[in-house]
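Participant: Let's see this in three dimensions:
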Amino acid sequence: MVFQGNLEAFKTVQENKKKSITELMSEQNRVLAEKNRAIINGLIECMLLCVKRGFAIKAHKDSGVPTLSDSDSDGDNDISDNTVNMGNFKEIVKFAAKQGNTALSNHLKNHKKNATYMSNTAQRDMLECILAEIQKLIIKEAQQQDSKFIFAISADEATDTSCTEQLAVVLRTVSPQGVVRERLLEFIGMESIAGTDVATAIVSCLNKHGLDVRDCRAQTYDGAGNMSGHLNGARAHIQQLEPLADYYHCASHKLNLALNATSKIMEYRVLMSHITKLGIFMKYSPKRQTVFQRTLIDAGVKVKKVRL
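Facilitator: Residues are numbered from 1 along each chain as shown. Coordinates of the predicted model:
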């Protein structure tokens, strides 16, 4: 009987004993991971809003971190907050925290100085993650029918505000329903815009996203020699890899060249001058615009509203 009593006592101790240190640490890590994941999700949602709406993310001086006090949670605004512009992203984060996002609200109240997740580096990392996901969706959209598909590419270079040459690469595909889709795939910083370097950058971009240049059936650039040259232009180097990748001069650039040439004709310049004056004559008079719109309607022209 004594042995039986000791056995029952032993079982009770074993069943009710505390968790081991390893189990406690694992539990704490899990809770911390869930907390951080909720914070990051909230920040990414705010960043996505800025990206989708085309908002400038940073202010002129992107310094400081938004804070939230107990009075802010009750809807009271600190006057000093309204005098500091920390950029759209940080302001949206603070707004979301005030509107009931518990994870962001607690984060703004209690975050450490070295763990705000809103620094320039953190914002750049979020943007790069969003970019990677968008690029995956573009490729997935193109592969809806078959993993092996043909495509066309369009590229043009421009200089950004930091005087860096940026090469824009556009992917053009056709859906099984015959819908033409054009998607901006990537901007590539270029040190040189020679034909060889441009072609190498385009092929590297395609390979990076799992595309084979041998599936390219058309390429479109402007008429610059480094792009359209049949000997040493980018189109020539790509056609060496895939002869079926026919080159087409960009229609918009061709139109621009035609208009520039036409502007040298005196009759055309006089015509455009009259059209400009007519637009100015109509633009600043609501009565004239109304009469003009009624005239178009009477003539059988379908218009919603005349915009001059």
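Participant: Who are the packing partners of the helix or strand containing Ala33?
Facilitator: Per DSSP states H and E: Ala33 is located in helix 21-53. Under the contact criterion of 3 or more CB pairs under 8 Å, 6 or more residues apart in numbering; DSSP states H and E, helix 21-53 touches helix 88-98, helix 102-110, helix 120-142. Quick note: C-beta positions are derived from backbone N, CA and C, even for glycine.
Participant: Buried ones in that helix, by neighbour count?
Facilitator: 38-40, 42-43, 46-47, 50-51 (16 or more other CB atoms under 10 Å).
Participant: One more: stretch 100-112?
Facilitator: 101, 103-105, 107-108, 111.
Participant: For Ala33, state which of those is nearest.
Facilitator: Ala33 has its nearest neighbour among the buried residues of stretch 100-112 in Ala103, at 12.9 Å by CB to CB.
Participant: Which residue, neighbours along the chain excluded, lies closest to the closest one?
Facilitator: Ala38 (3.8 Å; CB to CB, 6 or more residues apart in numbering).
Participant: Leu184 too?
Facilitator: Val170 (5.5 Å).
Participant: now that neighbour: how far from Gln144?
Facilitator: 19 Å (CB to CB, to the nearest Å).
Participant: Could you export the buried residues of stretch 100-112 as TSV, including distance to Ser204?
Facilitator: Formatted as TSV, the buried residues of stretch 100-112 follow (distance: CB to CB, whole Å):
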residue	distance to Ser204
Asn101	40
Ala103	39
Leu104	39
Ser105	44
His107	39
Leu108	42
His111	39
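Participant: closest to Ser285 among those residues?
Facilitator: Using CB to CB, those come closest to Ser285 at Asn101, 50.1 Å.
Participant: what's near enough to touch Cys216?
Facilitator: Contact analysis of Cys216 by CB atoms under 8 Å, 6 or more residues apart in numbering lists 150-153, 206, 238, 242, 244-245.
Participant: And for Gln239, the neighbour number?
Facilitator: Per other CB atoms under 10 Å, the neighbour tally for Gln239 reads 18.
Participant: Report all helices and strands that the one helix or strand it maps to contacts.
Facilitator: In the assignment (DSSP H and E), Gln239 maps to helix 234-241. Contacting helix 234-241 under the criterion 3+ CB pairs under 8 Å, 6+ apart are the following elements: helix 195-208, strand 216-221, helix 225-228.
Participant: now with 6 Å?
Facilitator: On a contact count with 3 or more CB pairs under 6 Å, 6 or more residues apart in numbering; DSSP states H and E, helix 234-241 meets helix 195-208.
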